[in-house]
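J.: Mind folding the following:
(one chain, ligands or ions: 1)
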Amino acid sequence: MASTAVANPVGSIDRSAVERIVRQVALEYLGRGKDGKTPELVVQASSRHMHVSREDMDVLFGPGTELTYDRDLYQPGNFASKETVTIVGPRNRLISNLRILGPMRKQSQVELAFTDAIMLGFKDIPVRLSGDLKGTPGTVIIGPKGVVELKEGLIRAAIHVHMSPADAELYGVVQSDRMKLRIGGPAGLTFNNVYVRIAPTSRLNVHMDTDEANACGLHLTKEIELFK
Ligand SMILES: [Zn+2]
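T.: Modelled structure (predicted):
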């Protein structure tokens, strides 16, 4: 009898807890890069925004126009532009001053928080990773020079973490894995489906939407833990 107890579930829970602690310790002591610093985890709330294709840019702002750089985003190469558009929902409600983020993409995409979608008159919009737009709802977009009717491209962006291959190794994760993100503080909660997105130039960075940030009181705490 006693020997069967070795294989009980408590044992495996302990093992994963131990694994987690070991990784945490590894993260704290191994560090990376020349400065020997541990990777800094930056968690950000993305406000609603749009990514625009070359073709749609031509219609909305005029043929051959480019996005005007306004400020850098945390991920290298990404920037907020000065350009904004208005989007129209199914019941003619509007969201104006929707910021366009650069650079341009292959396909236009609008990322809204759930409350934004409700405000626009959508009952729901799908939770998707950026770029995974098949079968998503469309919307009408109004720019200073023209109107585009997007057939698809409206999403709630799934919470995700950008990281470099070195970070991925430290955390012991691969592309499209899902991790947990624990936010402490008075409204704290744990997100269980944080998608891993690995790219050579990425900085360690979680992106959540404004609904998620408000729900967990992101601005109220520095107590944040990312783990498998
Ligand atoms: Zn992101």
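J.: okay, and for the chain, where does confidence drop off?
T.: Applying pLDDT under 70 to the chain flags the ranges 1-38.
J.: Could you pick out the longest strand of it?
T.: Criterion DSSP state E: the longest strand present in the chain is strand 94-105.
J.: Contacts made by whichever helix or strand comes after it with the rest, please.
T.: Next in sequence after strand 94-105, counting helices and strands by DSSP states H and E, comes strand 109-111. Identification of contacts with strand 109-111 by CB atoms under 8 Å, 6 or more residues apart in numbering yields 46, 48-51, 87, 98, 130-131, 133, 139, 141, 150, 153-157, 209. In short, each C-beta sits where N, CA and C put it, glycine included.
J.: Among these, which ones are in strands?
T.: Per DSSP E, these map to strands at 46, 49-51, 87, 98, 139, 141, 150, 154-157, 209.
J.: of those, closest to Arg71?
T.: His49 (13.0 Å; CB to CB).
J.: can you pull the contacts of the closest one?
T.: 98-101, 110-111.
J.: Pick out whichever of those residues sits closest to Glu83.
T.: Ile100 (4.6 Å).
J.: what bridges to that closest one?
T.: With DSSP bridges as the criterion, Ile100 is bridged to Met50.
J.: hang on, it packs against Ser53?
T.: No - contact criterion CB atoms under 8 Å: Ile100 and Ser53 do not qualify, at 11.0 Å.
J.: and these two? which has more neighbours close in?
T.: Ranked by neighbour count (other CB atoms under 10 Å), Ile100 and Ser53 place Ile100 first, with 27 against 17.
J.: what separates that one from Met163, distance-wise?
T.: Ile100 is 25 Å from Met163, where distance means CB to CB, to the nearest Å.
J.: Tally up the residues packed near Ser174, please.
T.: Rather than Ser, residue 174 is Val. 11.
J.: Excluding covalently adjacent residues, which one is nearest to it?
T.: Ala168 (6.6 Å; CB to CB, 6 or more residues apart in numbering).
J.: list the contacts for the one you found?
T.: Here Ala168 is in contact with 174-175, 196, 198 (CB under 8 Å, 6+ apart).
J.: how about it, secondary structure?
T.: State at Ala168, reduced to three classes by DSSP: H, G, I helix; E, B strand; the rest coil: helix.
J.: Now do it against Ala157, distance only.
T.: For Ala168, the distance to Ala157 - CB to CB - is 20 Å.
J.: Leu154 versus Gly121, what's the distance?
T.: Distance from Gly121 to Leu154, by CB to CB: 12 Å.
J.: whoops, Thr210 was the one
T.: 16 Å.
J.: Neighbour count: these two, which is higher?
T.: Between Thr210 and Leu154, Leu154 has the larger neighbour count (other CB under 10 Å), namely 25 against 17.
J.: Please name the bridge partners of that one.
T.: Val110.
J.: Is it in contact with Gly135, as I believe?
T.: No - counting by CB under 8 Å, Leu154 does not reach Gly135; the two are 11.0 Å apart.
J.: picking up where we left off before, narrow the contacts of strand 109-111 to just the buried residues.
T.: With burial judged by 16 or more other CB atoms under 10 Å, the buried subset of the contacts of strand 109-111 is 46, 48-51, 87, 98, 130, 133, 139, 141, 150, 153-157, 209.
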